[in-house]
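> kindly generate the corresponding structure for this input.
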Amino acid sequence: MKLREFVCFCLLLIAFLWAEGFAQTTASSCAAKSNTTCEECLSNVSCLWCNTDQRCVDYPVQSVLPPASVCRLAEARWGKCWVNFQTLIITLSVLALVILIAVVVCCLCCCKCENIGRSRKVDEREARQADLRRVRNEERREQMKSRHDEIRKKYGLMKDNSYSRFENS
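Have a look, this model is predicted:
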């Protein structure tokens, strides 16, 4: 397990150092693409195009969103020239909210279905137990009846057919 963690750490370190070196080499290329087209600027993913003054700047990775001192959100372009940051943020927020609601609804539905399945199992188990109790009660009732009949027979209290009284008269 320690070897696996060490290998992961080394790979992350190499990736970080490579990205740091890549960021340093692209710093000058973003500024060099100012006063060109948006497509040329955005061909490098570490560049940000500001529509107001037609300038290509390095994407400020220290902050998630570019500050207003670099470029206004409505005028900033990154990735595609036709998508501004403001629209991108609103769209991604709505999309994230829809996904979050869908996940919550799915979780609730799964929990409800699981509880329904559980209640069916509980109902089936209770029905089986009720049947067993009924069968045991019937067996006990039959045993008690046979025991009572034996006692009646022993003491001569056995009742004959209820119609026998009418036959003797």
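> how about the strands in this protein?
Counting by DSSP state E, the chain has these strands, from start to end: 47-50, 55-58, 76-78, 80-84.
> reformat those as JSON lines; add mean neighbour count.
Glycine gets a C-beta too; all of them are placed from N, C-alpha and C. Shown next, in JSON lines, are those (neighbours: other CB atoms under 10 Å):
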{"stretch": "strand 47-50", "mean neighbour count": "23"}
{"stretch": "strand 55-58", "mean neighbour count": "20"}
{"stretch": "strand 76-78", "mean neighbour count": "21"}
{"stretch": "strand 80-84", "mean neighbour count": "13"}
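> and these: which comes nearest N137?
Closest to N137 of these is strand 80-84 (CB to CB; 75.4 Å).
> I'd like to know which elements the closest one is packed against.
helix 38-42, strand 76-78 (3 or more CB pairs under 8 Å, 6 or more residues apart in numbering; DSSP states H and E).
> state the mean pLDDT of the longest one.
If I follow you right, that is helix 38-42. The pLDDT scores in helix 38-42 average 90.
> and if you look at stretch 136-155?
For stretch 136-155, the mean pLDDT works out to 93.
> same deal with stretch 98-116?
86.
> just the CA coordinates for it, please, in PDB.
Output of stretch 98-116 as PDB, limited to C-alpha atoms (Å, rounded to 0.1, in the frame of the first residue of the first chain):
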ATOM      1  CA  VAL A  98     -30.600  20.700 -12.100                       C
ATOM      2  CA  ILE A  99     -28.100  17.800 -11.700                       C
ATOM      3  CA  LEU A 100     -28.200  18.300  -7.900                       C
ATOM      4  CA  ILE A 101     -32.000  18.200  -7.900                       C
ATOM      5  CA  ALA A 102     -32.000  15.100 -10.100                       C
ATOM      6  CA  VAL A 103     -29.600  13.300  -7.800                       C
ATOM      7  CA  VAL A 104     -31.700  14.200  -4.700                       C
ATOM      8  CA  VAL A 105     -34.900  13.000  -6.400                       C
ATOM      9  CA  CYS A 106     -33.200   9.800  -7.500                       C
ATOM     10  CA  CYS A 107     -31.900   9.200  -3.900                       C
ATOM     11  CA  LEU A 108     -35.400   9.800  -2.500                       C
ATOM     12  CA  CYS A 109     -37.000   7.500  -5.000                       C
ATOM     13  CA  CYS A 110     -34.500   4.800  -4.300                       C
ATOM     14  CA  CYS A 111     -35.000   5.100  -0.600                       C
ATOM     15  CA  LYS A 112     -38.800   5.100  -1.000                       C
ATOM     16  CA  CYS A 113     -38.600   2.000  -3.300                       C
ATOM     17  CA  GLU A 114     -36.300   0.300  -0.900                       C
ATOM     18  CA  ASN A 115     -38.800   1.000   2.000                       C
ATOM     19  CA  ILE A 116     -41.700  -0.200  -0.200                       C
END
